[in-house]
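> how does the following fold in three dimensions:
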Amino acid sequence: MPPKHKSNERPPNKNIFADGEDDPLSDKQSSYPEWSWDQVRTWVAIRRDNDYTDDQIRALADEDVVMLEKFNGLKTHGTTEKGTLHAAKRIKAVNSKVKILFYLNSMVHYKGYGANKDWQDEWAMFDPKKNETYKWRGTLPCYDHTNLDFREWWIQRALEMVAHDEIDGIFIDAIVKADRRFLPTKNASEAYIETAEELRSRLPEGKILIGNALRAGAGTKKDGNLRHLKYLDGSYLEGWAKQDRLAQTLDLMSKALDQGRIIMLNAGPEGLDEDDLDKLKTMEERYEYVGRPQYIGFSLGFFLLIVDTYAYFSYRVGVDAKKGALFDNDRWEAITRKLGKPLGKYVKESKNTFTREFEYVSVRVNIDTMDGTLTVKEDEKGDEL
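Model (predicted):
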């Protein structure tokens, strides 16, 4: 039997940029959200079509980053832009340091935006084989970034929102859709990148640009879409909790952090019994239930394997605050307890087992069984989380 591989080195990484290629965003970190090793740093994506309660605003103000999703405040304020800005002002009144991002989809045309008054139907991608507009799920028009008039409209939507002091940046969603090979418009991905790079060049100083970009197996070269980090300050990650994606996801996040980019990992309970959760009547009971070690241990442990400066974690069930979403990261002790600085990089104990040590916590993760154990060092009993 070959000897067990054990190393405190990360897998070999190639830089996002070629040798000799400058990083145009290397001096942008002064605009990034607050960060420290005191505890896990957090973010949240949230929406509500009417106004948030005061308690919800206080919870959002405790996050490092809040991404206000599509349809925010639409029912109450008439447009997503107005609803987003109203919520942002309320959050900033409680904590001016939280970074607030406005949602902008890269490829899907949604209703509810005030900017849609200037939308032209001919800007949608056209499918000549069917002689009709190409639509996602058969209902939502697809953007065509080869159209220069559309491109200016899309960019102006972002610039008009970041002109407000309460909006700290833009979140670009669905970037992976631009790479779909079946799109009827050729070079759709390259056209989108041209649009995004122009937005980057016109983005006011101090504003940030985050995208739903990195994903294991995605990209024209199956490199996880690393090329988008040339214009993005960082990436949100979703859909990563599948066995065939875990190893590459670790590598992608490590590469991004090594390059000084922001990582915003979206996570939820693994192996959750939703029927049992639905039986619980109070929010307190529901928060306690999903915070149990068997549910939070793997996703948080996985994040801690790579956590570095400007990595943020979101643990939630649901995205709609009006419908009882569990999003307040301060409600879970596993997230709020002391973490401390890492004592090194993660260690690959075996093919599927990874460990990492922090000042106050030990982490052990098995990516085959998708189990994670967090052991608190300061507790003499070594209680497992």
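> list the residues that contact the nearest residue to Val162 once chain neighbours are set aside.
Nearest residue to Val162 in three dimensions, chain neighbours excluded: Lys207, at 4.7 Å (Cβ to Cβ, 6 or more residues apart in numbering). Heads up, the C-betas are built off the backbone N, CA and C, glycines and all. Lys207 is in contact with Ser31, Val162, Ile167, Asp168, Gly169, Ile170, counting by Cβ atoms under 8 Å, 6 or more residues apart in numbering.
> which of the three states applies to the spatially closest residue to Met107 that is not a sequence neighbour?
Take Met107 and drop its neighbours on the chain: the residue closest to it by Cβ to Cβ, 6+ apart is Lys177, 4.2 Å away. The assignment at Lys177 comes out as helix when based on DSSP: H, G, I helix; E, B strand; the rest coil.
> what about Lys177, how many neighbours?
Here the number of neighbours of Lys177 (other Cβ atoms under 10 Å) works out to 19.
> any figure for the gap between the residue positioned nearest the centre of the chain and Ile193?
By Cα atoms, centre = their mean, the chain has its centre lying nearest to Tyr236, at 2.4 Å. According to Cβ to Cβ, to the nearest Å, Tyr236 and Ile193 sit 18 Å apart.
> can you check Arg151 too?
11 Å.
> equivalent analysis for Arg200, please.
For Arg200 relative to Ile193 (Cβ to Cβ), the value is 10 Å.
> where do the contact lists of the two overlap?
Common neighbours of Arg200 and Ile193 (Cβ under 8 Å, 6+ apart) are Tyr231.
> got the CA positions of stretch 341-350 in CSV?
This file holds the C-alpha atoms of stretch 341-350, laid out as CSV (Å, rounded to 0.1, in the frame of the first residue of the first chain):
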residue,chain,number,x,y,z
LYS,A,341,-5.5,33.1,13.4
PRO,A,342,-4.7,29.9,11.4
LEU,A,343,-1.7,27.9,12.4
GLY,A,344,-1.0,27.0,8.8
LYS,A,345,-2.8,26.0,5.6
TYR,A,346,-5.0,23.0,5.4
VAL,A,347,-3.5,19.6,5.6
LYS,A,348,-4.6,16.8,3.3
GLU,A,349,-4.5,13.8,5.6
SER,A,350,-5.7,11.4,3.0
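> quick one: contacts for Ala196?
By Cβ under 8 Å, 6+ apart, the contact list for Ala196 reads Ser106, Ile172, Leu209, Gly211, His228, Tyr231, Leu232.
> confidence score at the fifth one?
Note on His228: pLDDT of 97.
> again with the fourth one
Per-residue confidence for Gly211 comes out at a pLDDT of 98.
> still on that earlier bit, take the contacts of Ala196 and keep only those in strands.
Those of the contacts of Ala196 mapping onto strands are Ile172, Leu209, Gly211, per DSSP state E.
> what about the spatially closest residue to the first one that is not a sequence neighbour, how many neighbours?
What that stands for is Ile172. Spatial nearest neighbour of Ile172, excluding adjacent residues (Cβ to Cβ, 6+ apart): Gly211 at 4.2 Å. By other Cβ under 10 Å, 25 other residues sit near Gly211.
> quick check, the residue nearest to Met107 in contact with His109.
No: judged on Cβ atoms under 8 Å, Lys177 makes no contact with His109 at a distance of 11.9 Å.
> between the two, which contacts overlap?
Cys142.
> ok so, going back, wait, a strand at the residue nearest to the centre of the chain?
Yes: when three-state DSSP is applied, Tyr236 is found to be in a strand.
> where do the helices sit along the chain?
54-61, 74-77, 80-94, 148-162, 188-202, 243-258, 274-279, 283-290, 293-306, 333-336 (DSSP state H).
> closest to Pro24 out of these?
helix 188-202 (8.3 Å; Cβ to Cβ).
> can you list the weak-confidence ranges in this protein?
1-15, 378-385 (pLDDT under 70).
> so what's Leu252 up against?
Leu252 touches Leu214, Arg215, Ala216, Gly224, Leu226, Leu237, counting by Cβ under 8 Å, 6+ apart.
> which ones are touching the third one?
Counting by Cβ under 8 Å, 6+ apart, Ala216 makes contact with Gly224, Trp240, Asp244, Arg245, Leu246, Gln248, Thr249, Leu252.
> now it: how far from Gly239?
9 Å.
> now the common contact residues for those two.
What both Ala216 and Gly239 touch, as defined by Cβ under 8 Å, 6+ apart, is the set Arg245.
> what segments of the stretch 1-150 of the chain are strands?
Counting by DSSP state E, counting those that start in this stretch, the stretch 1-150 of the chain has strands at residues 43-46, 65-68, 99-105, 126-127, 132-133, 135-136, 140-141.
> looking at those, which is closest to Pro184?
Going through the strands of the stretch 1-150 of the chain one by one, with Cβ to Cβ as the measure, strand 126-127 comes closest at 4.3 Å.
> neighbouring strands - and their directions - for the closest one?
strand 132-133 (antiparallel) (DSSP bridges).
> ok so, going back, just the helices of the chain: most buried one?
Most buried of the helices of the chain, by mean neighbour count (mean count of other Cβ atoms under 10 Å): helix 293-306, with a mean of 23.
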